[in-house]
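**Student:** when you get a sec, could you give me coordinates for this:
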Amino acid sequence: MAMIEPQEAWQRIEAQIAPLAPQERALPELLGCVLAQEIVAAENVPPFPAATVDGWAVIADDDNTPLRILTNPGTAGQVPAAQVVPGTTAPVMTGAPIPHGADAVVMVEESEVKENWMRFSRRIEPGAGVRRVGSDLAAGQAILPAGAVLGPAEIGLLATMGQTSATVHPRPRVAVFSTGDELVEPEKEPGPSQIRDSNRYALMAAIRQAGGEPVSFGIAPDDADGQRALILRALEAADVLVTSGGVSMGTRDLILPLLAELGTLHLARVRQKPGKPLTFATVAGKPCFGLPGNPVSSLVTFELYVRPALRCLAGHSLLWRPEVAARLLHPVQPDPLRIEFQRARVTQKDGTWWAQTTGAQASSRLLSMIGANALLRLPAGDPLPAGTIITAILVGQPEDH
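**Tutor:** Prediction:
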């Protein structure tokens, strides 16, 4: 399969994904989910005139002074028994119903009490200190649109209306496994020619950070029958498959031919660095990403392709990290033939963004990702002198466009 440009790679991926079918989820499971339908208030909030302050329920136009304090006024959660008439007042607490007859509340701080009488220092307007019926939410009011991302405030709003669940696009379940006879689990001591598997744990963390639910399927040895069975088992349990390793041109790189055998291969090589061997296929309609085995290549291709795909599956409309034009603080050597995504730290000073790479950019050097808050998109070609303006993808910032 021919090598393609990064933009075309994403277009081919985008053509194969769509938001997951909506599901009903309970309140504790909604954080970060995207609403699949509009939410309309079913009732007024508050359902009764309520005090906004601790104080005294009064008739605003009552000229009597002082006012006799009524007993048995009721508290928050109780229906007040007192009836306020001219010449009287009743204590009321924040959130409690306003006693019948009253139309305003005098703050405790603006009152003076002596024995069973209350005097206040200034006149107030009708409605002062009172939340009117439906002032927060009116029955029939559209309050959350389809496509809204549910955060703490949105979930609290649902609970306010007595709505214990909502129809949302579910978080995609993502099966993850690494490939290679050379890999061992992190807790094990590597033998000769072995290394610890870091990619699976980094990718599961990235999936969770992107709003997905990672499911680990361990390490797959370099065996075609075993990997084929694992791919099929993983796709039975998940919406998406993400693998690392096995997508280059070696005789033991089995993921690419297996995905082509089991489904439809949409891309196999991208003209970029790192991440040239990125592979994408669909098997039984489910997206499968074969990421390169080098740690940096794995995380960079996840950021550029898998993350926006997962967000699309989860129903998000904002898929992309923000980008800024930044000036290089030092000369940079891009790849002569491929677009390169170098890891960098960018800062803003006096309205200008400045970029400094994180040192050696080898795709095996995971340390180059530490402290990086940006990927610099560098055009292929000649060295770039200090001061050159380049595009910086702010990977430390949430998607905003």
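**Student:** list the contacts of the closest residue to Val283 other than its chain neighbours.
**Tutor:** Excluding the flanking residues, the one nearest Val283 by Cβ to Cβ, 6 or more residues apart in numbering is Gly263, at 3.4 Å. For the C-beta atoms, the positions are set from N, CA and C on the backbone; glycine is no exception. Contacts of Gly263 were listed using Cβ atoms under 8 Å, 6 or more residues apart in numbering, and they are Ala281, Thr282, Val283, Ala284, Cys288.
**Student:** restrict those to the buried ones and give me that as a ChimeraX selection.
**Tutor:** Written as a ChimeraX command, the selection of buried residues from these, which uses 16 or more other Cβ atoms under 10 Å, is:
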select :281,282,283,288
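**Student:** inside strands: which ones of the contacts of Gly263?
**Tutor:** Residues of the contacts of Gly263 located in strands (DSSP state E): Ala281, Thr282, Val283, Cys288.
**Student:** check the secondary structure at the nearest residue to the first one once chain neighbours are set aside for me.
**Tutor:** Going back to what we said before, that points to Ala281. Nearest non-adjacent residue to Ala281, counting by Cβ to Cβ, 6+ apart: Leu259, 3.8 Å away. Using DSSP: H, G, I helix; E, B strand; the rest coil, the secondary structure recorded for Leu259 is helix.
**Student:** which elements pack onto the longest helix seen in the chain?
**Tutor:** Longest helix in the chain, counting residues (DSSP state H): helix 224-237. Secondary-structure packing of helix 224-237 (3 or more Cβ pairs under 8 Å, 6 or more residues apart in numbering; DSSP states H and E): strand 173-179, strand 213-220, strand 240-244, helix 255-262, strand 279-283, strand 286-291.
**Student:** check which element follows the first one along the chain.
**Tutor:** Scanning forward in sequence from strand 173-179 by DSSP states H and E, the next helix or strand is strand 183-184.
**Student:** list the strands paired with that following strand, with their directions.
**Tutor:** According to DSSP bridges, strand 183-184 forms sheet pairs with strand 195-196 (parallel).
**Student:** so where's this protein uncertain?
**Tutor:** Scanning the chain for pLDDT under 70 picks out 72-77, 401.
**Student:** show me the domain layout of it.
**Tutor:** By the assignment in automatic domain parsing, the chain contains the domains 6-20+171-313, 28-44+137-168, 50-131, 323-393.
**Student:** which of these has the highest mean neighbour count?
**Tutor:** Highest mean neighbour count among the domains of the chain (mean count of other Cβ atoms under 10 Å): domain 6-20+171-313, with a mean of 20.
**Student:** just how off-centre is it within its chain?
**Tutor:** With Cα atoms, centre = their mean, to the nearest Å as the basis, domain 6-20+171-313 stands 22 Å off its chain's centre.
**Student:** before we move on, what about stretch 49-60?
**Tutor:** The answer for stretch 49-60 is 41 Å, by Cα atoms, centre = their mean.
**Student:** now do the end-to-end distance for it.
**Tutor:** Taking Cα to Cα, to the nearest Å, stretch 49-60 runs 15 Å from one end to the other.
**Student:** same deal with stretch 374-387?
**Tutor:** 17 Å.
**Student:** contacts for that stretch, please.
**Tutor:** Against stretch 374-387 from outside (Cβ under 8 Å, 6+ apart): 300, 303-304, 326-346, 355, 357, 390-396.
**Student:** so where do the strands sit in the stretch 301-401 of the chain?
**Tutor:** Per DSSP state E, counting those that start in this stretch, the stretch 301-401 of the chain carries strands over the ranges 323-328, 339-349, 352-357, 374-378, 389-393.
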